[in-house]
Each structure stands twice: as C-alpha cells, then as structure tokens.
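Peer 1: just to be clear, the model below is a prediction. Sequence and coordinates:
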There are 2 protein chains.
Amino acid sequence: MDRALSYATTNGRALEKALFEFVSIPSISAQPAYAAEVVRSAEWLRARMEHAGIAARVVSSAGQHPLVIGRSKQIDGAPTVLVYGHHDVQPVDPLSEWDYPPFEPTVVDGVLRCRGGADDKGPTLAMVCAAEAWNRGAGGLPVNVIFAVEGEEESGGHHLADFIREHPDELRADCLVILDVAGFAAGVPALCYGLRGIQTMEIRVDGPSRDLHSGGYGGAVQNPAEVVARLVATLRHPDGSIAVDGLLDDVAEPDAAESARMGELPVDEEAFRAESGAPALFGEPGRGLYERLWSRPTVEVNGIFGGYQGAGSKTIIPAWAGAKLSLRLVPNQDPSKVVAAVKRHLERHCPPTVKLTVTVGHGAAALLTPPAGPWAEKARRAMADAYGVEPKLVRAGGSIPIAQVFHEVLGLPPLLFGTYSPGERAHAPNERYPIADFHSAVRAGIRFFGIA
Amino acid sequence: MDRALSYATTNGRALEKALFEFVSIPSISAQPAYAAEVVRSAEWLRARMEHAGIAARVVSSAGQHPLVIGRSKQIDGAPTVLVYGHHDVQPVDPLSEWDYPPFEPTVVDGVLRCRGGADDKGPTLAMVCAAEAWNRGAGGLPVNVIFAVEGEEESGGHHLADFIREHPDELRADCLVILDVAGFAAGVPALCYGLRGIQTMEIRVDGPSRDLHSGGYGGAVQNPAEVVARLVATLRHPDGSIAVDGLLDDVAEPDAAESARMGELPVDEEAFRAESGAPALFGEPGRGLYERLWSRPTVEVNGIFGGYQGAGSKTIIPAWAGAKLSLRLVPNQDPSKVVAAVKRHLERHCPPTVKLTVTVGHGAAALLTPPAGPWAEKARRAMADAYGVEPKLVRAGGSIPIAQVFHEVLGLPPLLFGTYSPGERAHAPNERYPIADFHSAVRAGIRFFGIA
C-alpha cells in the first residue's frame, strides 16, 4: 500500500497531465456532431487503462456510443471490485456564458477549469490511476478490478445496460463502486446510499400551419407558446409541490432512523443558496433542504422554446412551441406510472385549439441501499484515510439509471463514492474540479483496493 | 375619366409588365445583404413615377433605406391626395417552403406568384399607374397627388416618420390613402377605418447564477423557465380573455351602429380557420370573429426561450428564461397605461425566488376614423365602380404605426384601401397576388382621382 501511495505522490504531475488530456476531448454524447469525439475519448481511456496494467477493450455498437471495459490480471481467490464511470460529458451551450474555453483545461488557484473534470472524467480516471499505482508502483493489484465506463450517461443511452444484461458473467463482482456523485463539502467526502430516479419527457404544441401575423389573427387563433407556458405552469403549485394527480401516490418517505440521521447532518441553507446564486431558496413548505433534494420528487422544465428569439420584436403567433421536462423520482415510484400520470395531466389540460405531442425519454427508478455491511465499512475507511475526515452518509438528488441495472442484473448494491467538492458546476457553464480532490480520489482508490 | 380608364385597358399588358419588373427586385429591407436591392427598387419606382408624369425623387439617409417622394403637376385650387405605400418586402426564408422562386414572377391561373406582389408593390404601383392613365391618357390629373413610398416598412425603420415630422409642408394634403391592407374577400374590396394599436414588451427572469444540475438542486431552487411559463400563463384566462387587472378599463366598445354593421358582414369561421391551419379557432367567449380580431385587445407571447433547446435532454434548472410579448390595443387604450398595468401584473405574480426584468418596446395607440364624410364616400364609390361590388367597411387587426404619425402630424385620418384578395400569404412563403386585383386597383385609383 505504501508503495502504491508513494507512486501516486511521485507521479502526481504525470497523473494530472493524463487528466488534462482526457478532459480536453469534447466527448459530448447528446450531440451527434461530437460522436467521433466520444469514440476518441473511449480510445484514449482504453490506452490509459493499458498503461495502468488493465487489459481493456472498446465495445462498439451501431448507433451507440462506445464503452470501455477493463479487467486487471486475475487473482484467484481475491475479491472483485467493479468500478463504474462515464467518459462522455454534457453539452456546453450556451458557450457565451463560459469564462474559459470548455475543452482547453487550465488550472487556476488549484482548480481545473474544464467541462467533464468533475462529471465524470476526473473521478473515473482517479480509479484507473489507483490501479496504475498498484500495478506500476507496487508490483500488482491486491484485488481483481473490473472497469465499466460508458459513453452515453449524459444522453440517456442504453448501451451499457444492454451489455450488462447480455454479458453479466463478464461483470460478476463482489462490490460495485460508482464515482458519479459529489462529496459533502469542500474536502469532506461522502458515501452515498440513495439516488433519485429520473424520467425525461418532451412536449410539443402545434397550432397554425405557419407563423401568423399577430395583428391579423390575434384573438382568434390559439398561441402554441402560450399553451406550452400554461401546461408547464400546471405541473407544480407555485409553492413547489407537485400538482399532477397521482404522481405522489407511491412516494415512500424516509424511515425514522434515516430521518434522524438526515436531521443530524450539518445544514447551511444560506451557503447552499449563495452557491446556487439564486435570490432565495424555494421548495415544498414543511420539508427540510435535504428532504427536498433527496427524498421528494420534482418536475422541472429544462428548456422552453417557441417563436421569435432574436433581437427586437417580431409580432407573430408562432406555429409551434415546446418544452423539455424532467422529473426526479424517489423510492417506490415507478417511471411508467409517472409517465402515464404526466401524460394524462397534460392531455387533460391541453385545449382542443392546438395539437399536443408528448415524447417520452428515458426513465429510471430511484435506488436506496442501506449504508451498512463490510463493503460500505471498507469504503468509509478508505475515504476517511485518504481525506483525513470521515465521509458523510448521504443520499443524492441526482440519478444514475445504470446503478439500478447493476443492482437488478448483478445483485450489486452500489457504493457511491462522493470524492469531489460540491459546487463543481456539473452540467453548467464553467465546470470546475479541484486538483486536490483528484489526488484524494486516487488515494481513496488505492486504499480501497488495498483493504478490499 | 373614360379616357383614363381606356388608357388603362389598352395598356393593360404594359402595366403588368411594369409590375413584373417591380416585384422581381428583391428589396428585402430587414436583411442588410439586400440593401442595394432596396435602393434599386426605389430608383425603379422613381423612374416609373416620372414615366407616369409624376415628378419624383429618392430620399436617402445614412443607415436607412430610401423612400420615394412623388408629386404631380400643381393644380391650384384642386384638392390634394396623399398616397402611402412601401416598396420593400419581407424576407423569404425559409426558402425551402416556397413552391416557386420568390423573385421570378410568373402568372398561373391569373395569379401572380411572387414576394411583394400583394404586400405592397402591387397596390402601390396601381396608384402610380392610375396617375399615368390620367397624365398619358387624359392630358393630366384632375387632382394634386403626392406619393410617399417608404423602403423600411417591413423592418420597422423610422425614415418616413422622421421625414413627415421634418417636412410636414411637403406632404400637406386633403386626404390620405393607405394601400397596405387586404380586401374583404376574393373580388370584394374593403374600406378600412380602424387599426389596432400595439405595445411590445420583453420579460426576463433570472434565477441561479448559472444553469444548475436538476438532480443536485431540483426541489430547492426555483426554475426561471417555470416562472416565465407561469407569468405568461397568468396574462390571459384559458378562454382567451385578458386577465391583467386594469387592462380592459379603457376599452371602447364599438357603438351600436358599428356593432350592427359588423354583425351584418358575412363571416366564414371555417374558411378563416382552414386558411390559418389551426386545428380549431379560439377566443373570448361571446365575441364574434370580427370583434375578436378588430375591437378586442390581445396579449400574445411572440417568443419564449430558456434552457436547453438542442437534441435529446439536458437535465438542468436554467439560469434564466425570457419571453417576448406584444399586445394589440383598441380605441381609447393608452399604451403607457397598458404598460403600467402589465408591469404591475407581472411584478405581483413574480415570486421573490427569482429576479424579474421587464423591458418596454415600441407602442402605438389604435386608430379609428369614422367611415363617413366626403372622402370616405368618394373612396367607397371609386371602389364600388372599379370592382363592380360595394366595398365592405371593416377594421383591421394589425397596426400601421405610420398611419398614427400621418394623423398626428398632418391631421389626416387615413382611408385604408383594401384592394387585394385576402389569402395572399403576405410575410409567408408562396405570396400570391391575383392580376385581376391589380387591374381593379388601377381602375379604383383612376376613379378616386377623378371624383376626388
């Protein structure tokens, strides 16, 4: 272990350099124009795994972004750790809101400024580097490690889910480590045991056959952009509680023990608000911050669009308008029932003066795994040793649909390692990733492999 | 008069040829790349006025599209008719939706297929041809005629408004003819005596300082796109009636005589709906189609925008969102009071969890001029004689802000000549203009000048 840790320290600059190379590849999976870059990032990662002593291959499939599967030299009798990450990144628009080019990594005041640093290339690469430290610094890993790193996490693809279902034997393991969540605070890691689920949907409202002159038709033809606004406005009450009939029916509340634990976590609403930049916080009355973020469902409009968006005015009734919606789901909610409830709600609220089209995107149920047992204990110790502070036990408000598939097919409850400081601006302009978090994550990985 | 009418008949082909030349010039004022074409169409029109015996000049001003001012030989003691039109046209994109090239005029089944035919080159040229018929066919016009033809009507320029304010004496007249409205039906002209006013506004709602991850923040941070949707949805009731306090206070309803007249106009809601392409018509309960279009105010969202608009999904809470609004105003509504009412409404409905910014655009009051008096009577007779059918007395739902300027500076209530069949697809692909309407408009002009 000491030799592996020493390797990571001695080669710190080289590991950082690898990180910079990795994040400079614009592997935006949601935008078809970047498909070749997702291939390039898969190839880069495969080569890096080989460098780390991990036999790796890129798995391609027509119409899907490639995943990278790596496997350390087999040690019979040793336990196997399966590590999940993703090498694709979120889109970067609006580019004008970035203070720096999103794919030209620079470090300012110890913080890497780049898309994909925190989400999820940094944490993913940290575990590859931990394997490298054992293989190149200490003569070999003490455990079997399998990497499964997908290229379409940010675009809701199902390539890895298909792979898990078709090749479960290749991925059999004793525990599953997932690296796609944030820590609790700057320098304080988290061990996360719950994730919200997700369901994306898109609505489109068509009215007249073309943009109409708002003078010649206004007052007699329904405005599709107004209908979209009206539909979006019906989904929640103004206080943030959900207004869709049936959507809350199956929601499971946290049990007493968990409620007590959540109640003991430090909470600083003002710090959370300040970090978000919002003028004031928001949310369901009578629910605490962690509850609103972790154990209550949401419905958000992620994008809304229709009509003229340029400078000045254009006095039209737009021919159509649309909105992108996503819901976060909590334990016991079934995505297909949620879809049905929302569709029913939208159809009931849409007037006959327009045509409504609802497109259903990807869905995944929430995941809740008790933070107990020997693997959770090992993870806690590895993080405590690497960061010098106990990790907090948390849920996360985000969704990692693949965690559900791993759980279902392989029977593995995930250990979610929250290795980086929150405030990383994942999915937003100006994503950031403290370099110190990268090195801590490498050390946590080395320790976890060592004591696993 | 007979000699003038006879000239127009004998020279019908030559007048058509002039029309084809005029519309083949792509004088798109909104697009800087076509600026030289707007100059070319002004020059063409100036030359054509000279051919018609009208002394004409092109008035240029830096950064503005040229206007053409023409004046017939002065006859002391005779009344003066001021004719307004425009020689610029709307953009043609999306070009792929045109069934024919927009600037290669062809006539199929008696219909000229070309951008600018109806809006507004055909009607404008018809009045120049009417002057030509008098000057070249009958030895001279019986009235004084002034032409004021602008080159930036479609781009919202203020060159002509400036000119009116700076040179009112050049434009003093006894009546004003405006040619920029449609007729009532195929072959049935209209004499329009009312226009709605307009007020544009833009709202912007700012929330968090950046796009936030909808998992990490959803449930605790207000979504600005949802707030914009909510605000837009509060402006009207679902049935189309306005929900802004105070906005209807000053609305002047049509008087009994006008209501009776409107009630007698033929109405074909299904034809109107089919032409619009909307699945069903819409609007305030208990109000007829003409009322909804002409004498009721509207508030429309012309554009709405915020968050992710690309392919697939992006699970964010957008940092900001916005909407472009425009209101059509009716007689007795004061644009500044309307602005105050809408601002008050928006501020009252906006939660403190976001920051609202309202930007006020341009405003113009409605215009209503009683369709009575000797000039209106002359216009009615001229159109009835030329078309063989009485013109319908109508209002229009659109706004012609320059009409307000003529009215304010020169004290001239406009006579709006609706000379072409509706369904001309002005501002849209596949603009069309029946050739018969052009010849009828020439005859109406000859008759109006003759009996004026």
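Peer 2: Okay, I see it. Because the structure is a prediction, the values reported are computed rather than measured. Residues are numbered from 1 along each chain as shown, chains lettered A, B, ... in the order given.

Peer 1: for the stretch 101-250 of chain A, which segments count as strands?
Peer 2: A:106-108, A:111-113, A:144-150, A:175-182, A:190-195, A:197-206, A:212-213 (DSSP state E, counting those that start in this stretch).

Peer 1: give the other helices and strands that the first one contacts.
Peer 2: With contacts taken as 3 or more Cβ pairs under 8 Å, 6 or more residues apart in numbering or on different chains; DSSP states H and E, strand A:106-108 sits against strand A:111-113. In short, each C-beta sits where N, CA and C put it, glycine included.

Peer 1: distance from the strand it packs on to the middle of the chain?
Peer 2: With Cα atoms, centre = their mean, to the nearest Å as the basis, strand A:111-113 stands 19 Å off its chain's centre.

Peer 1: give me the below-cutoff pLDDT ranges for chain A.
Peer 2: By pLDDT under 70, the weakly predicted segments of chain A are A:452.

Peer 1: can I get the strands of the stretch 101-250 of chain A in a markdown table with distance to residue B:331?
Peer 2: Below are these laid out as a markdown table (distance: least, Cβ to Cβ, whole Å):
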| stretch | distance to residue B:331 |
| --- | --- |
| strand A:106-108 | 61 |
| strand A:111-113 | 58 |
| strand A:144-150 | 64 |
| strand A:175-182 | 60 |
| strand A:190-195 | 60 |
| strand A:197-206 | 33 |
| strand A:212-213 | 20 |
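
Peer 1: adding mean neighbour count, write those out as JSON lines.
Peer 2: Below are the strands of the stretch 101-250 of chain A laid out as JSON lines (neighbours: other Cβ atoms under 10 Å in any protein chain shown):
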{"stretch": "strand A:106-108", "mean neighbour count": "12"}
{"stretch": "strand A:111-113", "mean neighbour count": "21"}
{"stretch": "strand A:144-150", "mean neighbour count": "26"}
{"stretch": "strand A:175-182", "mean neighbour count": "26"}
{"stretch": "strand A:190-195", "mean neighbour count": "25"}
{"stretch": "strand A:197-206", "mean neighbour count": "23"}
{"stretch": "strand A:212-213", "mean neighbour count": "20"}
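
Peer 1: okay, now the domains of chain A?
Peer 2: By the assignment in automatic domain parsing, chain A contains the domains A:2-195+A:366-451, A:197-251+A:297-364.

Peer 1: ok, which of those comes nearest residue B:401?
Peer 2: Residue B:401 lies closest to domain A:197-251+A:297-364 among the domains of chain A, at 11.2 Å (Cβ to Cβ).

Peer 1: distance between the ends of that closest one?
Peer 2: Start and end residues of domain A:197-251+A:297-364 are separated by 5 Å (Cα to Cα, to the nearest Å).

Peer 1: let me see the contact set for residue A:50.
Peer 2: residue A:56 (Cβ atoms under 8 Å, 6 or more residues apart in numbering or on different chains).

Peer 1: is residue A:285 part of a helix or strand, or is it coil?
Peer 2: Applying DSSP: H, G, I helix; E, B strand; the rest coil to residue A:285 yields a three-state assignment of coil.

Peer 1: surely it and residue A:291 touch.
Peer 2: No. Counting by Cβ atoms under 8 Å, residue A:285 does not reach residue A:291; the two are 11.5 Å apart.

Peer 1: who has more neighbours, those two?
Peer 2: Remark: of residue A:285 and residue A:291, residue A:291 carries more neighbours, 21 against 8, as counted by other Cβ atoms under 10 Å in any protein chain shown.

Peer 1: now that one: how far from residue B:219?
Peer 2: 8 Å (Cβ to Cβ, to the nearest Å).

Peer 1: residue of the stretch 1-150 of chain A closest to chain B, please.
Peer 2: Going by Cβ to the nearest Cβ, chain B is nearest to residue A:30 of the stretch 1-150 of chain A, at 4.3 Å.

Peer 1: which SS state does that residue fall under?
Peer 2: Put simply, residue A:30 is coil when judged by three-state DSSP.

Peer 1: quick check: residues of the stretch 351-452 of chain A near chain B?
Peer 2: Counting by Cβ under 8 Å from any Cβ of the partner chain, the stretch 351-452 of chain A comes close to chain B at A:351-355, A:361-362, A:396-399, A:422, A:425-430.

Peer 1: out of these, which are inside strands?
Peer 2: Per DSSP state E, strands hold the following members of these: A:355, A:361, A:362, A:396.

Peer 1: can you give me the neighbour number for residue A:344?
Peer 2: By the criterion of other Cβ under 10 Å, residue A:344 has 13 neighbours.

Peer 1: give the contact list for it.
Peer 2: Applying Cβ under 8 Å, 6+ apart, the residues near residue A:344 are A:245, A:246.

Peer 1: redo that, cut-off 10 Å
Peer 2: A:244, A:245, A:246 (Cβ atoms under 10 Å, 6 or more residues apart in numbering or on different chains).

Peer 1: picking up where we left off before, adding distance to residue B:392, write the domains of chain A out as a markdown table.
Peer 2: Formatted as a markdown table, the domains of chain A follow (distance: least, Cβ to Cβ, whole Å):
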| stretch | distance to residue B:392 |
| --- | --- |
| domain A:2-195+A:366-451 | 50 |
| domain A:197-251+A:297-364 | 16 |
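
Peer 1: need the outlier residue of chain A, farthest from its centre.
Peer 2: Residue farthest from the centre of chain A, counting by Cα atoms, centre = their mean, is residue A:216 at 47.3 Å.

Peer 1: how far away is the residue of the stretch 51-200 of chain A found nearest chain B from residue B:313?
Peer 2: Nearest to chain B, among the residues of the stretch 51-200 of chain A, is residue A:200, at 4.3 Å (Cβ to the nearest Cβ). For residue A:200, the distance to residue B:313 (Cβ to Cβ) stands at 4 Å.

Peer 1: which neighbours do those two share?
Peer 2: Contacts common to residue A:200 and residue B:313, judged by Cβ under 10 Å, 6+ apart, are A:156, A:302, A:324, A:325, A:326, A:361, A:362.

Peer 1: any idea whether the third one is helix, strand or coil?
Peer 2: The three-state label given to residue A:324 by three-state DSSP is strand.

Peer 1: count of neighbours near it?
Peer 2: Count around residue A:324 with other Cβ under 10 Å applied: 26.

Peer 1: could you measure from it over to residue A:203?
Peer 2: For residue A:324, the distance to residue A:203 - Cβ to Cβ - is 8 Å.

Peer 1: quick check: neighbours shared by the two?
Peer 2: Common neighbours of residue A:324 and residue A:203 (Cβ under 10 Å, 6+ apart) are A:301, A:304, A:359.

Peer 1: as JSON lines, those with neighbour count would be great.
Peer 2: What follows is the shared contacts of residue A:324 and residue A:203, written out as JSON lines (neighbours: other Cβ under 10 Å):
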{"residue": "A:301", "neighbour count": "32"}
{"residue": "A:304", "neighbour count": "32"}
{"residue": "A:359", "neighbour count": "11"}
